[in-house]
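[1] Sequence first, predicted coordinates after that:
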Amino acid sequence: MKVRTRAAPLWLAVTAIGVSFPTHAEDISGTRVFQARCAACHALDEHRWGPALRGVVGRPVANQPGYDYSRALKSARFQWTEELLDRWLQNPAALVPGARMRAHFSDAKERDAVIAYLKAQGGVAERAVTPVAGGS
């Protein structure tokens, strides 16, 4: 019986160029999640459509100088804990009705990864600049 090996050239090509496919056992990279899901609107050290996020864990909500937060976030009174960030990323409008952020993460592992990434960044935004009109 002859075994067909049509997949062998594809496998060799994929391994030769270093493409890897994640498995369930692999950890999700917070850096990758941030780049893929957050970086279009946020940066660590400057305001974009959303506020700068360096130091967000432990920071009072809506307190970055130079960012035009929504009325809903300005009136909220809490500090960003890991638990509240998890709730925020899952459904911003449920945590703060009237918030402008529409993006959400349904995958708990992605939320955990990006929260861990943001927590590891610590500190305060180095140079928060005026955002693009709109904001969160």
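    Great, that's in hand.
[2] gap between the two ends of stretch 93-104?
    End-to-end distance for stretch 93-104, by C-alpha to C-alpha, to the nearest Å: 10 Å.
[3] Stretch 88-100 now?
    End-to-end distance for stretch 88-100: 12 Å, by C-alpha to C-alpha.
[4] and if you look at stretch 41-52?
    9 Å.
[5] And the strands in this structure?
    Counting by DSSP state E, the chain has no strands to list.
[6] Low-confidence stretches in it?
    Across the chain, the ranges flagged by pLDDT under 70 are 1-27, 124-136.
[7] And the helices in it?
    7-16, 30-33, 71-75, 82-90, 92-95, 108-121 (DSSP state H).
[8] Please name whichever of the ones you listed is nearest to G55.
    Proximity to G55 (C-beta to C-beta) singles out helix 108-121 among the helices of the chain, at 7.2 Å. All C-beta atoms are positioned from the backbone trio N, CA, C, and that covers glycine.
[9] could I get the closest one in PDB with only the CA atoms?
    Coordinates of each C-alpha in helix 108-121 appear next as PDB, following Å, rounded to 0.1, in the frame of the first residue of the first chain:
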ATOM      1  CA  ALA A 108     -11.600  35.500  28.700                       C
ATOM      2  CA  LYS A 109      -8.000  34.400  27.900                       C
ATOM      3  CA  GLU A 110      -7.500  37.400  25.600                       C
ATOM      4  CA  ARG A 111      -8.900  39.700  28.400                       C
ATOM      5  CA  ASP A 112      -6.500  38.100  30.900                       C
ATOM      6  CA  ALA A 113      -3.600  38.400  28.600                       C
ATOM      7  CA  VAL A 114      -4.100  42.100  27.700                       C
ATOM      8  CA  ILE A 115      -4.700  43.000  31.400                       C
ATOM      9  CA  ALA A 116      -1.500  41.200  32.400                       C
ATOM     10  CA  TYR A 117       0.300  43.000  29.600                       C
ATOM     11  CA  LEU A 118      -1.000  46.400  30.800                       C
ATOM     12  CA  LYS A 119      -0.300  45.700  34.400                       C
ATOM     13  CA  ALA A 120       3.300  44.700  33.500                       C
ATOM     14  CA  GLN A 121       3.800  48.100  31.700                       C
END
